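Asks: I need the structure of the sequence given here:
(chains A, B, C and D)
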2 protein chains.
Amino acid sequence: MEGKIKVEKCDCTIIHEDVVERATKNMPNEELLYDLAELFKVFGDSTRVRILCALDEAEMCVCDIASVLNMTQSAISHQLRVLKQARLVKNRRDGKVVYYSLDDEHVRTIFDDGLAHIKEQEERGN
Amino acid sequence: MEGKIKVEKCDCTIIHEDVVERATKNMPNEELLYDLAELFKVFGDSTRVRILCALDEAEMCVCDIASVLNMTQSAISHQLRVLKQARLVKNRRDGKVVYYSLDDEHVRTIFDDGLAHIKEQEERGN
DNA sequence: AATACACTTGAACAACTATTCATATATTTA
DNA sequence: TAAATATATGAATAGTTGTTCAAGTGTATT
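Replies: As a prediction, the model looks like this:
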């Protein structure tokens, strides 16, 4: 469904008008939030997360990555495409070989924030 | 498929052994990366992103949120469940009304990082 | 030019996910 | 206790996504 605008409304009677109005007014641009969700969606797959982790270590060719993740080269290639479209990785060609590397300084930051959340969760007991 | 371990290997001949070995060795725990992806998956839906945005403004009941997002109460309730399981929101009951609020200091940080990436993308022209 | 090889890509399929609809639960009020 | 209301939940469904398989590019080597 993602991104469709719904028409139905809640049928409650005791809505907190002031809060609703304020929140509605301060909501960021719908498109921006959509793009944000799209970005996180890219991070929301363990194969892609692992690829990013591998590339954080060093620039690598497709076969290298496939070998590290123990997956087919085709599967990796498909995912690299997604990562590239999201501008998280870039590539360069050297003869037959295509080398991929991280294309964003924020990748590590976003990772670390996510890890911080997970760690805090664990500490709070789960 | 998510989380399954593959058996096939890449059939390339010119793997960069040193890089592969180093990357393999330094890869974080598989389970940790899986959890990380699971977390980002929660952020990877615009409805949930919008809910978090709304709650960043103020504590709200389910109907309030439904009203702000212009969606059915049921849909919101289902998503709040996901957010709660991920420990991103918490709730308290006051009579018939259940109030939800953010349950994590990192939510805003993660948001901001994501936005930083998007902005940089735009600046680089796209 | 022909072969080999690293990589890409399209189609197909299975697994997953978000919303809807109907119904259930919990709490207040009459 | 019965009715009203805010929320939750289960099943169904349509849409999405990741991997596989087969075939296609592009580059180097002979």
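Asks: Show me what the lowest-mean-pLDDT helix or strand in chain A is packed against.
Replies: Taking mean pLDDT, DSSP states H and E as the measure, chain A has helix A:106-123 as its least confident helix or strand, at a mean of 90. Here helix A:106-123 touches helix A:46-57, helix B:30-43, helix B:106-123, going by 3 or more Cβ pairs under 8 Å, 6 or more residues apart in numbering or on different chains; DSSP states H and E. Just so you know, the C-beta spots here come from the backbone N, C-alpha and C atoms, and that holds for glycine as well.
Asks: In that helix, which residues are buried?
Replies: A:106-107, A:109-111, A:113-115, A:117-118, A:121 (16 or more other Cβ atoms under 10 Å in any protein chain shown).
Asks: same deal with stretch A:83-93?
Replies: For stretch A:83-93, a neighbour-count test (16+ other Cβ under 10 Å) marks A:83, A:86-89 as buried.
Asks: Likewise for stretch A:62-70?
Replies: Those would be A:62-69, for stretch A:62-70 by 16+ other Cβ under 10 Å.
Asks: JSON lines for the residues you listed, including pLDDT and secondary structure?
Replies: JSON lines is the format used below for the buried residues of stretch A:62-70 (pLDDT from 0 to 100; DSSP: H, G, I helix; E, B strand; the rest coil):
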{"residue": "A:Val62", "pLDDT": "98", "secondary structure": "helix"}
{"residue": "A:Cys63", "pLDDT": "97", "secondary structure": "helix"}
{"residue": "A:Asp64", "pLDDT": "97", "secondary structure": "helix"}
{"residue": "A:Ile65", "pLDDT": "98", "secondary structure": "helix"}
{"residue": "A:Ala66", "pLDDT": "97", "secondary structure": "helix"}
{"residue": "A:Ser67", "pLDDT": "96", "secondary structure": "helix"}
{"residue": "A:Val68", "pLDDT": "97", "secondary structure": "helix"}
{"residue": "A:Leu69", "pLDDT": "97", "secondary structure": "helix"}
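Asks: give the contact list for A:Arg92.
Replies: Counting by Cβ atoms under 8 Å, 6 or more residues apart in numbering or on different chains, A:Arg92 makes contact with A:98-99, A:101.
Asks: A:Val98 versus that one, what's the distance?
Replies: Taking Cβ to Cβ, to the nearest Å as the measure, A:Arg92 falls 7 Å from A:Val98.
Asks: CSV for the helices and strands packed on helix A:106-123, including distance to B:Ala75?
Replies: Shown next, in CSV, are these (distance: least, Cβ to Cβ, whole Å):
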stretch, distance to B:Ala75
helix A:46-57, 27
helix B:30-43, 16
helix B:106-123, 21
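Asks: hmm, back to that, looking at the contacts of A:Arg92, spot the one nearest DNA strand D.
Replies: A:Val98 (9.3 Å; Cβ to the nearest atom of the strand).
Asks: separation between that closest one and A:Lys84?
Replies: A:Val98 is 11 Å from A:Lys84, where distance means Cβ to Cβ.
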